[in-house]
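Engineer: predicted structure and sequence below. I'll ask about it afterward.
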Amino acid sequence: MARQSLLPSFLYAPSSGAGVPDGRGASGVVAGSPSEPPFGKIEMFSPAYYAACGVGGAAACGLTHAAVTPLDVIKCNIQIDPAKYKSISSAFGIVLKEQGFRGFYRGWAPTFLGYSAQGAFKYGLYEVFKKQYSDMAGPEYAAQYKTLIYLAGSASAEVIADVALCPMEAVKVRVQTQPGYAKGLRDGFPKIVRSEGYAGLFRGMVPLWGRQIPYTMMKFATYENIVEMAYKHLIPTPKDQTSKPVQLGVSFGSGYVAGVFCAAISHPADNLVSFLNNAKGATVADAVKNLGVWGLFTRGLPLRILMIGTLTGTQWVIYDAFKVMAGFPTTGGAPAAVRKEELTEGQASA
């Protein structure tokens, strides 16, 4: 029954110690986990499990968003002042000339802190809500409507995660798009509070939800389904018998494809967030009038696709690598619901 694959067999051959101890899980639900995780054995779906997933999510989002700060600086300036920053290449040249090399890393601190907090809530709570919604639906309906569970779980998590992100996003946009406004987080944060009160930190909350909730729904649902299809149609062995490097390769490839879709669906709201956080007292109507409908959907989109695709793929690699290190199965590759006794033995999709 084995299918022919375009990949050489040594790539997907089982690694030492991989697999399921008792031989169950023939559907290829999970990756084999290390026999002695560095943090000790953590029970699946326990509070410690969700906390560990939150730590993995914080690392995945904080590190990757901070790493692409130069691209974010260029993107935000193109969105805010297209008359000055006419293209990606010209924007790089202008920033380098006016602000020097350090200008490309303006706003890295609020970016790192904001997206670390967001990532912790996003990934940790996604695991919580996915499990809860699967249990509410029951095994049969959870398997039948797994994509709806992915969508609902990720949306629920993102609503909360964005509350943690919003203040840092407000500081980041001001620092990156208004040279001289502030040097960084230490002076930018109190300056917004002094001039606009704490409410000023949350002026972009609704547009941020409009950007991030569709983005995250697409990110998780697309990723989970692409991983499942990869193990079903590309790799001719069950997931639990596939080597760790290939599993993480699937994580990156699936994450990159999901990121392209994420960027496209959330880009109009991303333009709104940048505009509203940059222009004091501006409204959504002002943004639409200034940017135009076409500009709302396309301004800065190529750079954002490059940025978000790479970012999303790398996030999934970091997150899944952390889960493997902690002794958990990697994400995706199976329906959301499995038998309870399988979950307790670590043989459920994470």
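Structural biologist: Yep, it's here.

Engineer: and residue 128, backbone torsions?
Structural biologist: Dihedral pair for residue 128: phi -60, psi -50, per degrees, to the nearest 10.

Engineer: not counting its neighbours along the chain, what's nearest it?
Structural biologist: residue 50 (5.5 Å; Cβ to Cβ, 6 or more residues apart in numbering). To be clear about C-beta, it is placed using only N, CA and C from the backbone, and glycine gets the same treatment.

Engineer: and that neighbour, how many neighbours does it have?
Structural biologist: 17 (other Cβ atoms under 10 Å).

Engineer: report the contact partners of it.
Structural biologist: 124, 125, 127, 128 (Cβ atoms under 8 Å, 6 or more residues apart in numbering).

Engineer: the residues you listed in helices, which ones?
Structural biologist: The helices, defined by DSSP state H, take in 124, 125, 127, 128 from the contacts of residue 50.

Engineer: if we can go back for a sec, wait, which of the contacts of residue 50 is closest to residue 192?
Structural biologist: Residue 192 lies nearest to residue 125 out of those, by Cβ to Cβ, at 27.0 Å.

Engineer: show me the helices in the stretch 1-150 of the chain, by range?
Structural biologist: Remark: helices assigned in the stretch 1-150 of the chain by DSSP state H, counting those that start in this stretch are 9-12, 47-67, 69-80, 88-99, 108-144, 146-177.

Engineer: any chance of these in a markdown table, plus distance to residue 259 and mean pLDDT?
Structural biologist: Compiled in a markdown table, those are given as follows (distance: least, Cβ to Cβ, whole Å; pLDDT from 0 to 100):
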| stretch | distance to residue 259 | mean pLDDT |
| --- | --- | --- |
| helix 9-12 | 23 | 40 |
| helix 47-67 | 11 | 95 |
| helix 69-80 | 13 | 86 |
| helix 88-99 | 18 | 90 |
| helix 108-144 | 14 | 95 |
| helix 146-177 | 14 | 95 |
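
Engineer: so for residue 284, which of the ones you listed sits nearest?
Structural biologist: helix 69-80 (14.6 Å).

Engineer: the closest one to helix 146-177, inter-axis angle?
Structural biologist: Interaxial angle of helix 69-80 relative to helix 146-177 (axes from the mean of the first three to the mean of the last three Cα atoms, to 10 degrees): 80 degrees.

Engineer: report all helices and strands that helix 69-80 contacts.
Structural biologist: For helix 69-80, the contact count by 3 or more Cβ pairs under 8 Å, 6 or more residues apart in numbering; DSSP states H and E identifies helix 88-99, helix 108-144, helix 146-177, helix 244-278, helix 301-325 as packing neighbours.

Engineer: what score does the most centrally placed residue in the chain have for pLDDT?
Structural biologist: Nearest to the mean C-alpha position of the chain, by Cα atoms, centre = their mean, lies residue 312 at 5.4 Å. With respect to pLDDT, residue 312 has a value of 91.
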